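**Student:** Here's a sequence, model it:
(chains A and B)
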Amino acid sequence: AAGVIQSPRHLIKEKRETATLKCYPIPRHDTVYWYQQGPGQDPQFLISFYEKMQSDKGSIPDRFSAQQFSDYHSELNMSSLELGDSALYFCASSLMRTPNTEAFFGQGTRLTVV
Amino acid sequence: DAKTTQPNSMESNEEEPVHLPCNHSTISGTDYIHWYRQLPSQGPEYVIHGLTSNVNNRMASLAIAEDRKSSTLILHRATLRDAAVYYCILRGYYGGSQGNLIFGKGTKLSVKP
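**Tutor:** Numbering: from 1, shown residues only, chains lettered A, B, ... in the order given. I've put the predicted structure just below:
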């Protein structure tokens, strides 16, 4: 079965550069969530989209932005990168944003800022 | 968001059952109890969820207390591949924030051969 696809899997950027992470949800899933997980930390919710509209914001820095496109894939744009942005970034998708559905996670993008 | 409390860590022997507890005393009537786990260097993985009744699937069982203020994830026969961090998450309707998964501090399960 198709899973959530994230690209790239690994990314190395320098401070003050920009990065774009992509997420391709499971077909027919209309909800996408983004998470950031620092070393030894639990996943932190960043932002979510439902039917191409932003539905909720978590602890997403102002330097980050995201959107969901007409084909339901999503991109997380990160500007003015800082060393502290080095983390695993996970995307998840679900069918509808109701609490009675399960979310499926991708394998993540490991971002290293040097 | 409603909060959950889990032990920081637990140990189990291989092929023995494991009971992972979760307290959620502030749960609301419409909150679903979800369990996810995260193996090292992997994305979180759905395990099971329920509302009021106990639930079983191929991975685990979920036992929910009658007052819904606590629940227990049961792995019937632990294997080395079950070593992971297990997260108990309440997922409900909070205004416009429908269905978001907010991770707290999970339980790190170690399985000994």
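**Student:** who touches A:Gly108 in this structure?
**Tutor:** For A:Gly108, the contact set (CB atoms under 8 Å, 6 or more residues apart in numbering or on different chains) comprises A:6, A:9, A:37, A:88-91, B:42-43. (C-beta placed from N, C-alpha, C; glycine too.)
**Student:** repeat that for 7 Å
**Tutor:** Contacts for A:Gly108 (CB atoms under 7 Å, 6 or more residues apart in numbering or on different chains) come out as A:6, A:88-90, B:43.
**Student:** Quick one: neighbours of the residue of chain B found nearest chain A, just the number.
**Tutor:** Going by CB to the nearest CB, chain A is nearest to B:Gly43 of chain B, at 3.5 Å. Residues lying near B:Gly43 (other CB atoms under 10 Å in any protein chain shown) number 22.
**Student:** Equivalent analysis for A:Ser93, please.
**Tutor:** There are 26 residues near A:Ser93, going by other CB under 10 Å.
**Student:** what does the one 10 residues further on give?
**Tutor:** Each residue near A:Ala103 was counted by other CB under 10 Å, and the total is 26.
**Student:** swap in B:Ser12?
**Tutor:** Around B:Ser12 there are 20 residues (other CB under 10 Å).
**Student:** from what I can see it touches B:Thr107, true?
**Tutor:** No - counting by CB atoms under 7 Å, B:Ser12 stays clear of B:Thr107, with 11.0 Å between them.
**Student:** Spatially, what comes nearest to A:Phe45 if we skip its sequence neighbours?
**Tutor:** Once flanking residues are discounted, A:Phe45 sits nearest to A:Gly58: 3.6 Å by CB to CB, 6 or more residues apart in numbering or on different chains.
**Student:** how much space between that neighbour and B:Asn100?
**Tutor:** 8 Å (CB to CB, to the nearest Å).
**Student:** Same drill for those two, tell me which one is more crowded.
**Tutor:** B:Asn100 (22 against 16).
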